[in-house]
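Colleague: this is a predicted model, with the sequence first.
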Amino acid sequence: MRLLRELRAAYAFIERNSNLVKRYWGWELVWLTYSIVEALAITYLGAGIGAITGQSLDTTYLILYLLVGTLVWAYLATIFDGLSEAISWERWEGTIEYTFMAPASRLSHFLGTTAFAIAYGLVRTLLILGVVALSFHLDLGRANLPGAVLVLLGGSLAFIGLGILAAILPLLFPERGEQMSYAFQALILLVSGIYYPVEVLPPWLQRLAALSPATYALQGIRAALLEGEPTAALAGELLPLVLMGLILIPSGLMAFSLAERYAKRTGRLKRSG
Amino acid sequence: MEGLALDVRDVTKTFPRGGLLGLLGPRRERERIVALAGINLAVRRGEILGLLGPNGSGKSTLVRLIATLLLPDSGQITVFGHDAQREPRAVRRLINRVSADAAFFKGLTAMENLLFTARLYGLSGRTARRRASEILARLGLDGLSLHRPLEQLSRGTQQKVAIARAFLTAPVLLLLDEPTTGLDPHSRREVQRFILEVREDHDASVLLTTHAMEEAERLSDRIAIIDEGRIVACDTPTSLRERFRLNGHLPSLEEVFLALTGKPLEEERCACSVN
Ligand SMILES: Nc1ncnc2c1ncn2[C@@H]1O[C@H](COP(=O)(O)OP(=O)(O)OP(=O)(O)O)[C@@H](O)[C@H]1O
Ligand SMILES: [Mg+2]
């Protein structure tokens, strides 16, 4: 009975978020178009690099390199946003007190939110891939697709943990929490080698890169798709990702529940009335 | 004590003063805001207790503490024997709350919002839809409004949906924080009748805050008056008025309210317990 109730509670978030996507479909369409154009622009950068430098380069490789970066980042960022915005949306609408007053556990809350974020991220990323694939000739003949998917799953775990941690910010800082999580996300984008190898970064940023799960996700997926590395050879990326997930998710949940207690002690849940 | 829906004992609550002044300003600015200064109050099973008080006297703070949305500095709150701090989940299962601001996902329809709440409380979609239509019909809302985005509904209608949301989960203790604010006299009557019906049919207990004196008098079995975080009087509406009878004139509840609140604080304090 208890389990059924919690599952229904988790489903509440999936259904509500789907309803929101349906209701604001125009906004979704614009946002998707933006992401597609962005992906195309970055990929054209790869196609044009020969013309820019005047040297003959293997642009097919470069295009794929940049495309993988764009798509993996689009997906991971969506998961991160889906979780971190779980709280800021409700703050915005003023429903947060009602959600926190319900008998559902925070675990179900994040379970539902995560399930939706993953589905939403996958659909969006596949749509972007579809359009880009129409514009470029992509050769995935050598690719180890199952290996890439496995690494992507590992990356999802770690980003779920990061997203939960970021969701704490709008809980504690009603006015600037959301912006703080965007800044955090931008930092990950900078250090994780999305569009360039991390080796080009100054040493102190490279140290941060080693801490970012996105670094391993990108390395692993590129190795699988571009070099066709067999899955066994991806352990060097998979292990850190799974490990980060196993650490970040429970500590994210724990930190969130501490933050929730703090918010209830200091009266930060309320908006008005 | 058995049969108590709600028991509040010696509850205090203060808030930090936010901002730079709160940290570094003069001493007076650094002191915490005292919202509740030792509240004792109980609601019997099946009772409607009206809580009246000026703006900022601590009514909503008390409601939030009972709703497990705030943690008290000291004191204890129990709902049907469950401690709000130690067993918040058990308490949440028993309560629901309506506040004056109808907080919803405004782009979603009333039904979608209600469905969300129902599932959060572990109800099935079918049960939720049936109950939601029933309640809204009793509140005088037509079926059409159910399927329009909430932002397109009038404030009064939104407030009715907020009331429906609270009743949807069949709470045994209802926390109604200015539930009829913003409603026209017809709608207010409908909501008041509904509250009385639910109390009869479901044996629900109610803590009701309001600024409408006639509403408090019409609905409440007892009335507690709170001022600056203290209960200053608590009795049946009739006895409260009798107590202030002067030269044969029986004062209205409003006159009693005005006499009891807003004057310089004496250390007068009164418990609203029932033992
Ligand atoms: N989250 C909060 N943070 C800081 N101060 C708060 C918070 N909530 C309430 N207060 C303060 O506590 C006091 C009591 O507020 P409360 O909202 O409980 O009053 P109220 O009786 O409900 O008033 P009203 O009739 O206007 O709704 C006020 O001084 C208010 O400013
Ligand atoms: Mg209030």
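Modeller: Perfect, thanks for sending it. Ligands and ions are numbered 1, 2, ... in the order given.

Colleague: burial check on residue A:51, number of neighbours?
Modeller: With neighbours defined by other CB atoms under 10 Å in any protein chain shown, the count for residue A:51 comes to 10. C-beta here means a position set from N, CA and C on the backbone, and glycine is covered the same way.

Colleague: gap between it and residue A:57?
Modeller: In this view, residue A:51 and residue A:57 are 10 Å apart by CB to CB, to the nearest Å.

Colleague: what of residue A:221?
Modeller: Residue A:221 sits 22 Å away from residue A:57 when distances are taken as CB to CB.

Colleague: residue B:190 contacts residue B:139, correct?
Modeller: Yes - Residue B:190 lies in contact with residue B:139 (CB atoms under 8 Å); the separation is 5.8 Å.

Colleague: report the spatially closest residue to residue B:171, excluding sequence-adjacent ones.
Modeller: In space, not counting the residues next to it along the chain, residue B:171 is nearest to residue B:96; the distance is 4.0 Å by CB to CB, 6 or more residues apart in numbering or on different chains.

Colleague: how about the contacts made by the one you found?
Modeller: With contact taken as CB atoms under 8 Å, 6 or more residues apart in numbering or on different chains, residue B:96 is in contact with A:101, B:165-169, B:171, B:174-175.

Colleague: and for residue B:164?
Modeller: Under the criterion of CB under 8 Å, 6+ apart, the neighbours of residue B:164 are B:110, B:114, B:132, B:135-136, B:139, B:141.

Colleague: point out the residues in the stretch 51-200 of chain A that sit beside ligand 1.
Modeller: If contacts are counted using CB under 6 Å from any ligand atom, no residue of the stretch 51-200 of chain A sits beside ligand 1.

Colleague: got the residues of the stretch 51-200 of chain A near chain B?
Modeller: Remark: the part of the stretch 51-200 of chain A in contact with chain B comprises A:93-95, A:97-105, using CB under 8 Å from any CB of the partner chain.

Colleague: just the buried residues of the residues you listed.
Modeller: By the neighbour-count criterion of 16 or more other CB atoms under 10 Å in any protein chain shown, those include these buried positions: A:93-95, A:97-104.

Colleague: in JSON lines: the residues of the stretch 51-200 of chain A next to chain B, plus distance to ligand 2, pLDDT and secondary structure.
Modeller: Compiled in JSON lines, those are given as follows (distance: CB to the ion, whole Å; pLDDT from 0 to 100; DSSP: H, G, I helix; E, B strand; the rest coil):
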{"residue": "A:93", "distance to ligand 2": "19", "pLDDT": "89", "secondary structure": "helix"}
{"residue": "A:94", "distance to ligand 2": "14", "pLDDT": "90", "secondary structure": "coil"}
{"residue": "A:95", "distance to ligand 2": "18", "pLDDT": "94", "secondary structure": "coil"}
{"residue": "A:97", "distance to ligand 2": "13", "pLDDT": "95", "secondary structure": "helix"}
{"residue": "A:98", "distance to ligand 2": "16", "pLDDT": "95", "secondary structure": "helix"}
{"residue": "A:99", "distance to ligand 2": "20", "pLDDT": "96", "secondary structure": "helix"}
{"residue": "A:100", "distance to ligand 2": "18", "pLDDT": "96", "secondary structure": "helix"}
{"residue": "A:101", "distance to ligand 2": "16", "pLDDT": "95", "secondary structure": "helix"}
{"residue": "A:102", "distance to ligand 2": "21", "pLDDT": "96", "secondary structure": "coil"}
{"residue": "A:103", "distance to ligand 2": "24", "pLDDT": "96", "secondary structure": "coil"}
{"residue": "A:104", "distance to ligand 2": "26", "pLDDT": "95", "secondary structure": "coil"}
{"residue": "A:105", "distance to ligand 2": "29", "pLDDT": "95", "secondary structure": "coil"}
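
Colleague: could you measure from residue B:13 over to chain A?
Modeller: According to CB to the nearest CB, to the nearest Å, residue B:13 stands 8 Å off from chain A.

Colleague: within the sheet, what are the partner strands of the helix or strand containing that residue, with directions?
Modeller: Counting by DSSP states H and E, the secondary-structure element that holds residue B:13 is strand B:4-15. For strand B:4-15, the paired strands and their directions (DSSP bridges) read strand B:33-44 (antiparallel), strand B:74-79 (antiparallel).

Colleague: now that strand: buried residues?
Modeller: Neighbour counts using 16+ other CB under 10 Å place B:4-9, B:11-15 of strand B:4-15 among the buried residues.

Colleague: what does stretch B:44-57 give?
Modeller: Buried residues in stretch B:44-57, defined by neighbour count with 16+ other CB under 10 Å: B:44, B:46-54, B:57.

Colleague: likewise for stretch A:251-270?
Modeller: Taking 16+ other CB under 10 Å as the criterion, stretch A:251-270 shows A:252-253, A:256, A:259-260, A:263-264, A:267-270 as buried.

Colleague: same thing with stretch A:55-72?
Modeller: Using 16+ other CB under 10 Å as the test for burial, stretch A:55-72 gives A:59, A:62-72.

Colleague: let's have those in a markdown table, adding secondary structure.
Modeller: Written out in a markdown table, the entries for the buried residues of stretch A:55-72 read as follows (DSSP: H, G, I helix; E, B strand; the rest coil):
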| residue | secondary structure |
| --- | --- |
| A:59 | helix |
| A:62 | helix |
| A:63 | helix |
| A:64 | helix |
| A:65 | helix |
| A:66 | helix |
| A:67 | helix |
| A:68 | helix |
| A:69 | helix |
| A:70 | helix |
| A:71 | helix |
| A:72 | helix |
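
Colleague: where's the dip in pLDDT among the residues you listed?
Modeller: Ranked by pLDDT, those bottom out at residue A:59, which scores 86.

Colleague: quick one, what contacts that residue?
Modeller: Residue A:59 makes contact with A:46-47, A:49-50, according to CB under 8 Å, 6+ apart.

Colleague: roughly how far apart are the residue of chain A positioned farthest from its centre and ligand 1?
Modeller: Using CA atoms, centre = their mean, the residue of chain A lying farthest from its centre is residue A:54. It sits 36.0 Å away. Computed as CB to the nearest ligand atom, to the nearest Å, the residue A:54 to ligand 1 distance reads 63 Å.

Colleague: does residue A:150 touch residue A:231 like I think?
Modeller: Yes - judged on CB under 8 Å, residue A:150 makes contact with residue A:231 at a distance of 6.4 Å.

Colleague: do you have the helices of the stretch 101-250 of chain B handy? List them.
Modeller: With DSSP state H, counting those that start in this stretch, the ranges of helices along the stretch 101-250 of chain B come out as B:110-120, B:125-138, B:155-168, B:185-202, B:213-219, B:237-243.

Colleague: the longest one vs helix B:155-168, what angle?
Modeller: Using axes from the mean of the first three to the mean of the last three CA atoms, to 10 degrees, the interaxial angle of helix B:185-202 with respect to helix B:155-168 works out to 0 degrees.

Colleague: how about helix B:185-202 as CSV, C-alpha atoms only?
Modeller: The C-alpha atoms that make up helix B:185-202 are tabulated as CSV, following Å, rounded to 0.1, in the frame of the first residue of the first chain:
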residue,chain,number,x,y,z
PRO,B,185,-21.2,36.9,-0.4
HIS,B,186,-22.9,34.1,-2.4
SER,B,187,-19.7,32.1,-2.8
ARG,B,188,-18.8,32.8,0.8
ARG,B,189,-22.1,31.4,1.9
GLU,B,190,-21.6,28.3,-0.3
VAL,B,191,-18.1,27.7,1.2
GLN,B,192,-19.3,28.2,4.7
ARG,B,193,-22.2,25.8,4.2
PHE,B,194,-19.7,23.3,2.7
ILE,B,195,-17.4,23.6,5.7
LEU,B,196,-20.3,22.8,8.0
GLU,B,197,-21.5,19.9,5.9
VAL,B,198,-18.0,18.4,5.8
ARG,B,199,-17.8,18.6,9.5
GLU,B,200,-21.1,16.8,9.9
ASP,B,201,-20.5,14.2,7.2
HIS,B,202,-16.9,13.4,7.9
